[in-house]
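In: Predicted model and sequence below, questions to follow.
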Amino acid sequence: MRSCGAATRCPRRSWTARMPWAARFGASLALVSLLELLLAEVLPAAGRTIDLFVLLVILSSLAGNSFQGVTGGLAAGVVQDTLSASPFGLHALACCVVGYGVARLSQRIVTSQRLVASLLVAVGTLVHQAIVLGLLMVLEVGEPSGGAVPLRVVATTAIGVPGLWLFNRAQAWADERRTLKEGRARLR
């Protein structure tokens with residue numbers, strides 16, 4: 001049987017597995033940006049409450065790669081700073097810290113359990129909000145409103161847990177499909 005190197009196309013891997021992480025993250029970031037803009041236009045209160053960019057950084061950092069956590073956090077934070085009226089670099093720094101922290105934590109603990117993953121989403125969102133509020137107070141750029149932090153943490157976690165479940169189900173479906181395809185190829 002032939003090996004699947006970098007120059008050959010591997011028949012056992014799906015097209016999403018062959019796609020580089022940066023391309024998958026970029027497509028996800030574009031989708032989250034579109035959803036964030038749509039949510040802010042249709043439901044302004046929900047758009048201010050749910051933080052989809054932080055959720056994207058946390059869910060992509062659960063794989064445990066620190067470099068991907070930092071670069072994903074930086075990219076998502078810069079896009080969030082561009083789309084919002086916040087000072088440039090505020091969310092980028094906070095998302096970098098959250099991405100790195102979640103990636104390092106997921107290297108140390110088992111994140112396949114739903115409770116652990118939902119706690120990581122909640123803690124990551126809380127840390128992001130604490131960094132943003134702390135930077136706003138230190139820089140004296142705007143008036144920080146700490147009252148919305150618990151609501152934002154709960155709302156983002158409530159959106160993140162079903163999103164994580166759907167992601168895990170889609171990944172299990174793709175793995176099952178790949179296994180069935182390999183089994184059919186062996187029968188021939």
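Out: Sure, I can see it.
In: Which strands or helices does the helix or strand hosting R169 pack on?
Out: Under the criterion DSSP states H and E, the helix or strand holding R169 is helix 149-187. For helix 149-187, the elements it packs on are helix 44-49, helix 52-61, helix 114-139, judged by 3 or more CB pairs under 8 Å, 6 or more residues apart in numbering; DSSP states H and E. Bear in mind the C-beta positions are built from the backbone N, C-alpha and C, glycine included.
In: what number of residues lie near P162?
Out: Summarising burial for P162: neighbours were counted as other CB atoms under 10 Å, giving 9.
In: downstream neighbour of the least confident helix or strand in the chain by mean pLDDT in the secondary structure list?
Out: Every helix and strand of the chain was ranked by mean pLDDT, DSSP states H and E. The lowest is helix 15-18, at a mean of 58. Moving toward the C-terminus from helix 15-18, the next helix or strand (DSSP H and E) is helix 21-42.
In: CA atoms of that next one as PDB?
Out: These are the backbone C-alpha positions of helix 21-42, laid out as PDB (Å, rounded to 0.1, in the frame of the first residue of the first chain):
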ATOM      1  CA  TRP A  21      -5.900  25.100   9.700                       C
ATOM      2  CA  ALA A  22      -5.500  28.700   8.700                       C
ATOM      3  CA  ALA A  23      -8.000  28.300   5.800                       C
ATOM      4  CA  ARG A  24     -10.600  26.600   8.000                       C
ATOM      5  CA  PHE A  25     -10.100  29.300  10.700                       C
ATOM      6  CA  GLY A  26     -10.300  32.100   8.100                       C
ATOM      7  CA  ALA A  27     -13.600  30.700   6.700                       C
ATOM      8  CA  SER A  28     -14.900  30.400  10.300                       C
ATOM      9  CA  LEU A  29     -13.800  33.900  11.000                       C
ATOM     10  CA  ALA A  30     -15.600  35.200   7.900                       C
ATOM     11  CA  LEU A  31     -18.800  33.400   8.900                       C
ATOM     12  CA  VAL A  32     -18.600  34.600  12.500                       C
ATOM     13  CA  SER A  33     -18.100  38.200  11.300                       C
ATOM     14  CA  LEU A  34     -21.100  37.900   9.000                       C
ATOM     15  CA  LEU A  35     -23.200  36.500  11.900                       C
ATOM     16  CA  GLU A  36     -22.000  39.200  14.300                       C
ATOM     17  CA  LEU A  37     -22.900  42.000  11.800                       C
ATOM     18  CA  LEU A  38     -26.300  40.300  11.100                       C
ATOM     19  CA  LEU A  39     -27.000  39.800  14.800                       C
ATOM     20  CA  ALA A  40     -26.100  43.500  15.600                       C
ATOM     21  CA  GLU A  41     -28.500  44.700  12.900                       C
ATOM     22  CA  VAL A  42     -31.400  42.400  13.600                       C
END
